[in-house]
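Visitor: this is the structure alone, sequence omitted:
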């Protein structure tokens, strides 16, 4: 399986047979230009959207006709099995920013979890329902999502082997949120790369949890 970070919360997940799913595609230039990442040009068979905000639901601008996956339930895109779990965009059961879907993808024998714009610690029931996770895509910028401190708590709840931070301040993002540095402070097992893409197999999963910081592709 390959994971490519476009930027913000948008990734390209590619199975070994070539099936592709795009997560949370942003609308370039949305929020008065604050979302400064370039347009996504990759073509995929499926697209998942965790919630209806313009920095996450730009699926209509994608090339091709990817299958749209939204909300709770069980879905399938080719060999990729996807399950959505109800969570919230804030810590007040959605009263401030509404609902958020956490997606789990089963790809090539690996389980990848994308938390979307999660705004709270996960309930014990949700953690149990999600089950074992190999790769966790987690927001860390705060303000609109969980912050660095809460992100570490959520990461411990899910106990993934690889943690890939997302939804943080970069030179392409004008939102007043935190950069990734706060999430990395004092942590061991941090690996940074300028590359936006990594290949993960069950064989190369680290034995201890590692944080992999990717460079954004766009």
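Guide: Everything's here; your move. Keep in mind the model is a prediction, meaning the values are calculated, not measured.
Visitor: packing partners for the longest helix along the chain?
Guide: When the chain is parsed with DSSP state H, its longest helix is helix 148-158. The contact analysis (3 or more C-beta pairs under 8 Å, 6 or more residues apart in numbering; DSSP states H and E) places helix 148-158 against helix 124-130, strand 135-139, helix 181-184. In this view, the C-beta of every residue, glycine as well, is placed from N, C-alpha and C.
Visitor: ok, and what's touching it?
Guide: Helix 148-158 has contacts (C-beta atoms under 8 Å, 6 or more residues apart in numbering) with 113, 115, 118, 120-122, 127, 130, 133, 136, 138-140, 142, 146, 163, 165, 178, 182-183, 185, 209.
Visitor: please enumerate the strands of this protein.
Guide: Applying DSSP state E to the chain gives strands spanning 2-7, 10-14, 20-23, 46-49, 67-70, 73-77, 80-88, 99-107, 110-114, 135-139, 162-166, 190-192, 197-199, 210-213.
Visitor: between these, which gets nearest to residue 32?
Guide: Nearest to residue 32 among those is strand 2-7 (17.5 Å), distances taken as C-beta to C-beta.
Visitor: give me the sheet partners of the closest one and which way each runs.
Guide: Using DSSP bridges, strand 2-7 pairs in its sheet with strand 10-14 (antiparallel), strand 197-199 (antiparallel).
Visitor: including mean pLDDT, distance to residue 60 and mean neighbour count, could the strands of the chain go into JSON lines?
Guide: Output for the strands of the chain, formatted as JSON lines (pLDDT from 0 to 100; distance: least, C-beta to C-beta, whole Å; neighbours: other C-beta atoms under 10 Å):
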{"stretch": "strand 2-7", "mean pLDDT": "98", "distance to residue 60": "16", "mean neighbour count": "22"}
{"stretch": "strand 10-14", "mean pLDDT": "98", "distance to residue 60": "14", "mean neighbour count": "24"}
{"stretch": "strand 20-23", "mean pLDDT": "98", "distance to residue 60": "12", "mean neighbour count": "25"}
{"stretch": "strand 46-49", "mean pLDDT": "98", "distance to residue 60": "10", "mean neighbour count": "25"}
{"stretch": "strand 67-70", "mean pLDDT": "98", "distance to residue 60": "9", "mean neighbour count": "18"}
{"stretch": "strand 73-77", "mean pLDDT": "98", "distance to residue 60": "18", "mean neighbour count": "15"}
{"stretch": "strand 80-88", "mean pLDDT": "98", "distance to residue 60": "20", "mean neighbour count": "20"}
{"stretch": "strand 99-107", "mean pLDDT": "98", "distance to residue 60": "18", "mean neighbour count": "22"}
{"stretch": "strand 110-114", "mean pLDDT": "98", "distance to residue 60": "20", "mean neighbour count": "23"}
{"stretch": "strand 135-139", "mean pLDDT": "98", "distance to residue 60": "22", "mean neighbour count": "25"}
{"stretch": "strand 162-166", "mean pLDDT": "98", "distance to residue 60": "22", "mean neighbour count": "24"}
{"stretch": "strand 190-192", "mean pLDDT": "97", "distance to residue 60": "34", "mean neighbour count": "13"}
{"stretch": "strand 197-199", "mean pLDDT": "98", "distance to residue 60": "25", "mean neighbour count": "15"}
{"stretch": "strand 210-213", "mean pLDDT": "98", "distance to residue 60": "30", "mean neighbour count": "19"}
